[in-house]
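S.K.: Just the structure for this:
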Amino acid sequence: GGLVVALFQYGSELDLYRLMVMEGTVEVVREGRIITMDQTDVVPGDIIRLTPGVAYFDMCILQSKHILIDESALTGEVHPIAKIPLDPANSRKTYNPKMNNSSTISAGTTILECGGGGDIEQGDLAIVTQTGSFTAKGELLCDVLSYERHKFKFDTEVQLILAILCVEAVV
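M.R.: Numbers count the residues shown, from 1 in each chain. Reported below is the predicted structural model:
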């Protein structure tokens with residue numbers, strides 16, 4: 001019995017590890033040029049060119065023609081969602097991911113379609129707002145890892161009931 005439990009727990013921990021670890025490269029705009037770099041080297045404030053695939057960071061869309069996102073991994077939404085760039089008319093306002101949800105791409109979601117390619121003026125671009133455990137996916141995983149089982153009144157009183165039943169059985 002203990003071996004089965006250990007194997008089940010190992011499998012669960014391996015699945016959680018696969019959710020947390022993300023490997024890949026992204027195209028970043030640095031000094032007016034697009035360079036390819038490891039996603040672990042990207043910092044908030046970097047401008048990246050969007051390509052179809054998994055989003056590694058929380059981002060805000062700056063420029064795009066057509067972006068379709070699958071958010072089912074985070075929100076459970078079954079239909080893909082179209083995203084639009086930030087409105088330049090609001091450039092003096094502070095960016096808020098909840099208020100600008102239609103322009104926000106969260107880490108862990110999948111970019112299904114985007115214009116991609118082209119040069120800086122033509123491609124779909126987004127600015128990185130959060131990385132690592134500060135992303136929406138990171139916060140979700142932190143909540144999962146720090147989960148404490150809720151104690152119900154039943155859990156504490158069942159021990160008292162069992163003690164009473166044992167005393168009655170002996171008498």
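S.K.: ranges for the strands of the chain?
M.R.: Using DSSP state E, the strands assigned to the chain run over residues 25-30, 33-38, 47-49, 53-54, 58-63, 67-70, 81-83, 104-105, 110-113, 125-130.
S.K.: who wins for proximity to Ser12 among these?
M.R.: Across those, the minimum distance to Ser12, taken as Cβ to Cβ, is reached by strand 53-54, at 21.7 Å. For every residue, glycine as well, the C-beta is placed using N, CA and C.
S.K.: That closest one - which strands sit beside it in the sheet, and in what orientation?
M.R.: strand 110-113 (antiparallel) (DSSP bridges).
S.K.: In the partner strand, which residues are buried?
M.R.: Thr110, Ile111 (16 or more other Cβ atoms under 10 Å).
S.K.: avg pLDDT for stretch 97-114?
M.R.: Stretch 97-114 shows a mean pLDDT of 89 in the predicted model.
S.K.: Name the helix or strand of this protein that has the lowest mean pLDDT.
M.R.: Using mean pLDDT, DSSP states H and E, the weakest-scoring helix or strand in the chain turns out to be helix 136-145, at a mean of 77.
S.K.: Find the centremost residue of this structure, please.
M.R.: Lys137 (2.2 Å; Cα atoms, centre = their mean).
S.K.: so what's that residue up against?
M.R.: Neighbouring residues of Lys137 by Cβ atoms under 8 Å, 6 or more residues apart in numbering: Ala73, Leu74, Ser106, Ala107, Gly108.
S.K.: which one of the residues you listed sits closest to Thr156?
M.R.: Leu74 (35.0 Å).
S.K.: Count the residues that sit near that closest one.
M.R.: 15 (other Cβ atoms under 10 Å).
S.K.: can you check Leu160 too?
M.R.: Around Leu160 there are 9 other residues, counting by other Cβ under 10 Å.
S.K.: any idea how far it is from Ala82?
M.R.: 57 Å (Cβ to Cβ, to the nearest Å).
S.K.: Check Leu50 too.
M.R.: Per Cβ to Cβ, Leu50 is found 13 Å from Ala82.
S.K.: Need the overlap of contacts for the two.
M.R.: The contact lists of Leu50 and Ala82 share Ile67, where a contact means Cβ under 8 Å, 6+ apart.
S.K.: and these two? which has more neighbours close in?
M.R.: Using other Cβ under 10 Å, the more surrounded residue of Leu50 and Ala82 is Leu50, with 25 against 12.
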